[in-house]
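Peer 1: build the 3D model from these lines:
(4 chains)
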Amino acid sequence: MQVRLTELPFDPQHEEAAFSAGRSEMGALVSFVGLCRGESPAVRGLHIDHYAGFTEKEVTRLAQDVAARFDCPDLLVVHRVGDILPGEAIVLVAALSRHRANAFDAVRVLMDYLKTDAPLWKRETGPDGARWIEPRAEDLARRAEAEGKRL
Amino acid sequence: MQVRLTELPFDPQHEEAAFSAGRSEMGALVSFVGLCRGESPAVRGLHIDHYAGFTEKEVTRLAQDVAARFDCPDLLVVHRVGDILPGEAIVLVAALSRHRANAFDAVRVLMDYLKTDAPLWKRETGPDGARWIEPRAEDLARRAEAEGKRL
Amino acid sequence: MVKLVFLGKFRGLARDNAEVALPADVGTLAELKDWIVRRDPALGHAMAATQTQVIVNQSVVRDFSRRICEADEIAFLPPMSGG
Amino acid sequence: MVKLVFLGKFRGLARDNAEVALPADVGTLAELKDWIVRRDPALGHAMAATQTQVIVNQSVVRDFSRRICEADEIAFLPPMSGG
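Peer 2: Model prediction:
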């Protein structure tokens, strides 16, 4: 289990390669990369605020919960905070597992959790200035559905 | 849609990076990498037989089906054929999408299809010699379940 | 002295994310919220208009009658928007 | 002449994956299968023991009464094991 917040741009494929290197007992690597979309002029950039210390602790707790639930302890989360430019990676979630089903479940549900439960606050800068993003009803619904299905 | 069979080792993260480069209108990249497990001495290597021409055509057809079903046309499939060593990547399936749900569904279901419907034949070399692998009941069941759920 | 932390949209509205000396009549989290509203109406308005979570020394607190202790770190969190 | 292609576990048992001249009495896919069993009992046994798909000129064929044409490429596929 590795959880890292970074203010600097990161290369998601480089992180994935390092995460899976030498783990040839594992058969499946699933990854999700969330990218800062650059539909000029709709979004000129993104800022993600976090609560230093607390955010890491909470994201780690979410990852541990998912690891236990799907028997998939080999998880990697890298999350940008601060100012992010269009085209840059915002988040990488990856899972290594012997079987692909656990890895798919773990990455997908951990992303659902990060969207709703991670102490992160997003501000988009568009043509009309900056605005803070509220959690999307769609994400909250997905999370509720996931809870109902799995528990 | 890109489908490629290769007799040579490939770097899945390099392929993913090339696949997603410059696609900043997309927000989500999901990928699956299947690795040749190296639990010495159980598996010393893998050979995958294919039917040149026909296999590419069939894998492309499966990918097109999944692309249409999940409205996720940006798919990449790279599949090794021939002799594969422990630790090497066997298959990469990746999807780029504006929203993560389609990309997750597309990669997962396309992998399910590849496991059951792709004209590929696997031979494992273990301590007792080589043996051809039959489709796993688990994979066939998963495919049937996916069909039932989605159609 | 306590440390106040305002996150997300509260951060820009807050006078400071820093150590402050509270007046003698601010003894509980509820009293602290009232004091913030009086001192910083724009921030108080934003906090009233949305669900606000209070974190004391990195733990979620729901009981606003909780007494504030010296050196507490008290954070106010608007709804999370996720990664 | 037709081209026969044996895949997967059939490949190693087959005499050749190559062009062959069929005897005059082999006119249909069913007759071709019988001829393979007579000519190559180990291969015929393997093909009888498992589900075998027949692909003619890259298309699946289920009707074994289909007549074989000059230059057909006829492939025999054991169950696929996937990627």
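
Peer 1: what about stretch A:83-93 and chain B, any contact?
Peer 2: Yes. Judged by Cβ under 8 Å from any Cβ of the partner chain, stretch A:83-93 and chain B are in contact via A:86-87. Placement of C-beta: from N, CA and C, glycine included.

Peer 1: in that stretch, what's buried?
Peer 2: Neighbour counts using 16 or more other Cβ atoms under 10 Å in any protein chain shown place A:84, A:86-93 of stretch A:83-93 among the buried residues.

Peer 1: please flag which of those sit within strands.
Peer 2: Secondary structure from DSSP state E places A:84, A:89-93 of the buried residues of stretch A:83-93 in strands.

Peer 1: pLDDT at the residue lying farthest from the centre of chain A, what is it?
Peer 2: For chain A, the C-alpha lying farthest from the average C-alpha position belongs to residue A:128; by Cα atoms, centre = their mean, that distance is 27.4 Å. Model confidence at residue A:128, given as pLDDT, is 80.

Peer 1: circling back: can you put the ones in strands among the buried residues of stretch A:83-93 in a markdown table and add pLDDT?
Peer 2: As requested, those are exported to a markdown table (pLDDT from 0 to 100):
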| residue | pLDDT |
| --- | --- |
| A:84 | 94 |
| A:89 | 96 |
| A:90 | 96 |
| A:91 | 97 |
| A:92 | 98 |
| A:93 | 98 |
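
Peer 1: give me the subset of the residues you listed that also touch chain D.
Peer 2: Counting by Cβ under 8 Å from any Cβ, nothing from those sits close to chain D.

Peer 1: wait, residue C:48 touches residue C:36, no?
Peer 2: No. The criterion here is Cβ atoms under 8 Å, and residue C:48 misses it with residue C:36 at 10.3 Å.

Peer 1: assign a three-state SS to the closest residue to residue A:86 other than its chain neighbours, would you?
Peer 2: Nearest non-adjacent residue to residue A:86, counting by Cβ to Cβ, 6 or more residues apart in numbering or on different chains: residue A:38, 2.6 Å away. Per DSSP: H, G, I helix; E, B strand; the rest coil, the local secondary structure of residue A:38 is coil.

Peer 1: any idea how far the residue positioned nearest the centre of chain A lies from chain D?
Peer 2: When Cα atoms, centre = their mean is applied to chain A, the residue found nearest the centroid is residue A:91 (4.4 Å). As for residue A:91, its distance to chain D is 28 Å (criterion: Cβ to the nearest Cβ, to the nearest Å).

Peer 1: with residue C:1 instead?
Peer 2: On the measure of Cβ to the nearest Cβ, residue C:1 and chain D end up 62 Å apart.

Peer 1: okay, and the residue in chain A that chain C sits nearest to sits in which element?
Peer 2: For chain A, the residue closest to chain C is residue A:121, as judged by Cβ to the nearest Cβ, at 3.0 Å. Counting by DSSP states H and E, the element that carries residue A:121 is strand A:120-126.

Peer 1: quick one: secondary structure of residue A:114?
Peer 2: The three-state label for residue A:114, taken from three-state DSSP, comes out as helix.

Peer 1: oh, I was asking about residue A:16
Peer 2: Assigned with three-state DSSP, residue A:16 falls in the helix class.

Peer 1: circling back to that earlier point, show me what the very next helix or strand once past the strand holding residue A:121 is packed up against.
Peer 2: Remark: after strand A:120-126, the chain's next helix or strand is strand A:129-132, criterion DSSP H and E. Packed against strand A:129-132, as judged by 3 or more Cβ pairs under 8 Å, 6 or more residues apart in numbering or on different chains; DSSP states H and E, are the following elements: strand A:120-126.

Peer 1: for the strand it packs on, which strands pair with it and how are they oriented?
Peer 2: When pairs are called by DSSP bridges, strand A:120-126 turns out to pair with strand A:45-50 (antiparallel), strand A:129-132 (antiparallel).

Peer 1: before we move on, back to that, the residue of chain A closest to chain C: how many residues sit nearby?
Peer 2: Neighbours of residue A:121 under the rule other Cβ atoms under 10 Å in any protein chain shown: 26.

Peer 1: I figured it hits residue A:132, correct?
Peer 2: Yes. Counting by Cβ under 8 Å, a contact exists between residue A:121 and residue A:132, whose distance comes to 6.4 Å.

Peer 1: residues shared between the contacts of these two?
Peer 2: Common neighbours of residue A:121 and residue A:132 are listed as C:8-9, C:78, C:81 (criterion: Cβ atoms under 8 Å, 6 or more residues apart in numbering or on different chains).

Peer 1: most widely separated two among those?
Peer 2: Across the shared contacts of residue A:121 and residue A:132, the longest distance by Cβ to Cβ is 9.7 Å; it joins C:9 and C:81.

Peer 1: ok, residues contacting stretch C:48-63?
Peer 2: Stretch C:48-63 is contacted from outside by A:51, A:53-54, A:57, C:5, C:10, C:29, C:37, C:64, C:66, C:72-79, using Cβ under 8 Å, 6+ apart.

Peer 1: any of these buried? List them.
Peer 2: Buried subset of the contacts of stretch C:48-63 (neighbour count, 16+ other Cβ under 10 Å): A:51, A:54, C:5, C:10, C:29, C:66, C:72-79.

Peer 1: okay, and which of these map to helices?
Peer 2: Using DSSP state H, the subset of these located in helices is A:54, C:10, C:29.

Peer 1: residue A:115: neighbouring residues, count only.
Peer 2: When counting by other Cβ under 10 Å, one arrives at 23 neighbours for residue A:115.

Peer 1: I meant residue A:25, not that one.
Peer 2: Applying other Cβ under 10 Å, we find 14 residues neighbouring residue A:25.

Peer 1: and it, that's in a helix?
Peer 2: No. Using three-state DSSP, the secondary structure at residue A:25 is coil, not a helix.

Peer 1: next, the buried residues of stretch A:73-85.
Peer 2: Judged by neighbour count (16+ other Cβ under 10 Å), stretch A:73-85 contains these buried residues: A:73-81, A:84.

Peer 1: could you do stretch C:24-34 as well?
Peer 2: Result for stretch C:24-34 [16+ other Cβ under 10 Å]: buried residues C:26, C:29, C:31-33.

Peer 1: quick one on the thing from earlier: most tightly packed of the strands paired with strand A:120-126?
Peer 2: Neighbour counts (mean count of other Cβ atoms under 10 Å in any protein chain shown) averaged over each of the strands paired with strand A:120-126 peak at strand A:45-50, with a mean of 21.

Peer 1: in stretch A:3-19, which residues are buried?
Peer 2: Of all the residues in stretch A:3-19, those buried under the rule 16+ other Cβ under 10 Å are A:3, A:5, A:10, A:12-13, A:15-17, A:19.

Peer 1: check the secondary structure at residue A:10 for me.
Peer 2: Counting by three-state DSSP, the backbone at residue A:10 sits in coil.

Peer 1: does it really touch residue A:91, like I thought?
Peer 2: No. Using Cβ under 8 Å as the test, residue A:10 is too far from residue A:91 to be in contact (9.9 Å).

Peer 1: chain B contacts on chain A?
Peer 2: Taking Cβ under 8 Å from any Cβ as the criterion, the contact residues of chain A with chain B come out as A:11-14, A:16-17, A:20, A:22, A:24-39, A:86-87, A:98, A:100-101, A:103-104, A:107-108, A:111, A:142.
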